[in-house]
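Asker: just coords:
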Ligand code: GDP
């Protein structure tokens with residue numbers, strides 16, 4: 001493919017021990033040769049590393065095998081190691097060079113400028129990965145998984161991204177899509193023989209395939225909730241009346257004094273979000289202003305915010321102060337916040353401060369009032385009592401989201417939407433078969449389903465979608 005040769009900084013911006021500039025394209029060796037004093041890169045083997053100097057204007061190639069800085073008017077920019085990769089066994093499948101220089105942003109900039117002067121151009125965001133996709137080395141879902149891998153911040157998201165990079169989702173779908181494609185060809189063949197009223201495609205086998213597809217798509221769609229928890233973390237709202245112990249619990253969980261702890265009711269006015277990692281999963285803990293009926297306007301905004309946070313949370317950890325004798329305000333608050341599918345954990349807090357240690361009794365009172373199932377945990381943040389149990393409960397919740405049918409987990413909104421469209425179109429095919437609709441319409445529905453399934457791997461995508469995906473990458477990737 002005759003494309004520009006592109007270059008970009010591949011390492012993070014800022015000072016580092018080394019920085020790496022990546023160059024890819026037909027002219028990669030020619031261009032780097034112009035500014036490299038060392039071996040002739042066109043003559044070295046693939047996947048080898050070479051010592052030398054980057055110079056601003058390198059017209060004369062040295063003849064010795066041990067390079068020396070030039071004594072002519074060529075300005076040496078840096079002493080470097082250059083790695084050479086021959087097409088097609090490279091990330092982009094094109095000729096590629098990586099220049100490892102002393103990690104100063106200034107040197108990096110200067111080398112890039114020199115490369116550009118000598119014929120390369122600056123890569124756009126994600127352009128290296130886009131080339132890998134365009135040149136057929138990876139499919140679209142794998143390209144996206146590279147972005148996810150770079151962004152992964154915990155063990156679970158790293159594993160899922162890596163599985164996707166290995167072709168996880170695409171493999172699962174492409175087998176089924178291949179079968180569907182066979183049927184579609186047969187149905188289209190029937191169209192050619194329309195007058196003869198023949199049926200090449202066995203309708204009952206097609207129905208079986210559709211059933212299979214529906215099950216597979218359904219389980220992939222189900223995995224999105226878990227995938228989302230992995231990628232974005234699980235939102236956990238921590239709610240309770242003022243002085244219930246929200247900030248203290250948050251601090252204990254995070255073992256850092258970030259939230260403001262105070263015994264003046266309603267001082268934690270703004271919401272605070274912190275990330276907690278438990279067993280490789282991320283939880284976004286949302287602390288909220290104390291909930292109570294109040295005329296104080298700022299406080300009222302806090303209450304509203306709390307309700308909004310619970311709306312967006314998957315888990316509600318409700319804190320009720322164990323030293324109280326009357327929990328009616330907690331009941332009212334809980335009733336206004338809970339909804340089906342919200343995982344509810346009720347923590348009885350400050351249990352070190354109360355005479356009455358019969359927590360089972362308190363649990364019973366809550367059970368009478370609150371109709372939704374919940375986990376009840378008596379805790380003391382100060383004495384670290386049952387804090388581990390609370391963490392285990394959070395971690396068990398995320399584990400419970402794992403779908404059983406498939407090892408592949410959907411983490412990407414675009415895939416989720418394409419899968420939904422696929423399921424809808426597969427259902428339409430099913431309808432078309434059962435209602436004995438015309439072959440033309442059946443063929444149309446089948447094509448639609450194929451397109452939707454093909455969107456995930458990038459077999460069917462428009463430039464706008466591609467542009468959107470790759471623009472989210474960093475430059476140099
Ligand atoms: P918030 O308003 O819900 O955020 O409550 P805070 O976390 O600010 O706690 C209110 C008061 O209760 C503070 O004085 C805390 O030190 C105290 N407190 C919170 N949790 C515990 C606990 O588990 N044991 C004891 N003894 N005191 C606690």
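Answerer: Nice, I can see it. Only a predicted model underlies this, so the values are computations on that prediction, with no experimental measurement involved.

Asker: give the other helices and strands that the helix or strand hosting residue 238 contacts.
Answerer: Under the criterion of DSSP states H and E, residue 238 resides in strand 234-240. On a contact count with 3 or more C-beta pairs under 8 Å, 6 or more residues apart in numbering; DSSP states H and E, strand 234-240 meets helix 246-254, strand 281-287, helix 297-312, strand 315-321, helix 328-337, helix 387-400. All C-beta spots, glycine's among them, are computed from the backbone N, C-alpha and C.

Asker: how much space is there between residue 144 and the ligand?
Answerer: Taking C-beta to the nearest ligand atom, to the nearest Å as the measure, residue 144 falls 40 Å from the ligand.

Asker: same check on residue 381?
Answerer: For residue 381, the distance to the ligand (C-beta to the nearest ligand atom) stands at 4 Å.

Asker: contact partners for that residue?
Answerer: Listed by C-beta atoms under 8 Å, 6 or more residues apart in numbering, the contact set of residue 381 reads 245, 248, 249, 251, 252, 349, 350, 387.

Asker: same check on residue 100?
Answerer: Applying C-beta under 8 Å, 6+ apart, the residues near residue 100 are 18, 19, 20, 80, 81, 82, 83.

Asker: in strands only, show me those residues.
Answerer: Counting by DSSP state E, the part of those found in strands is 18, 19, 20, 80, 81, 82, 83.

Asker: the residue in the stretch 1-150 of the chain positioned nearest to the ligand and residue 165, how far apart?
Answerer: The stretch 1-150 of the chain approaches the ligand most closely through residue 148 (35.1 Å), counting by C-beta to the nearest ligand atom. Using C-beta to C-beta, to the nearest Å, residue 148 is found at 8 Å from residue 165.

Asker: again, but for residue 423
Answerer: In terms of C-beta to C-beta, residue 423 sits 25 Å off from residue 165.

Asker: with neighbour numbers in mind, choose between these two.
Answerer: Of the pair residue 423 and residue 165, residue 423 is the one with more neighbours under other C-beta atoms under 10 Å, namely 20 against 17.

Asker: low-confidence ranges, this protein, go.
Answerer: Residues of the chain meeting the criterion pLDDT under 70: 1-2, 57-73, 256-273, 287-306, 403-407, 460-462, 464-465.

Asker: return a ChimeraX selection command for the buried portion of the ones in strands among the contacts of residue 100.
Answerer: Buried subset of the ones in strands among the contacts of residue 100, written as a ChimeraX selection, criterion 16 or more other C-beta atoms under 10 Å:
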select :19,20,80,82,83
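
Asker: tabulate the ones in strands among the contacts of residue 100 (a markdown table), appending distance to the ligand.
Answerer: Listed next are the ones in strands among the contacts of residue 100 as a markdown table, based on distance: C-beta to the nearest ligand atom, whole Å:
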| residue | distance to the ligand |
| --- | --- |
| 18 | 46 |
| 19 | 45 |
| 20 | 47 |
| 80 | 55 |
| 81 | 54 |
| 82 | 57 |
| 83 | 54 |
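
Asker: quick one: which of the ones in strands among the contacts of residue 100 is nearest to residue 402?
Answerer: Checking the ones in strands among the contacts of residue 100 against residue 402 with C-beta to C-beta, the nearest one is residue 20 at 37.4 Å.

Asker: wait, what's in contact with that closest one?
Answerer: For residue 20, the contacting residues are 9, 10, 11, 98, 99, 100, 101, by C-beta under 8 Å, 6+ apart.
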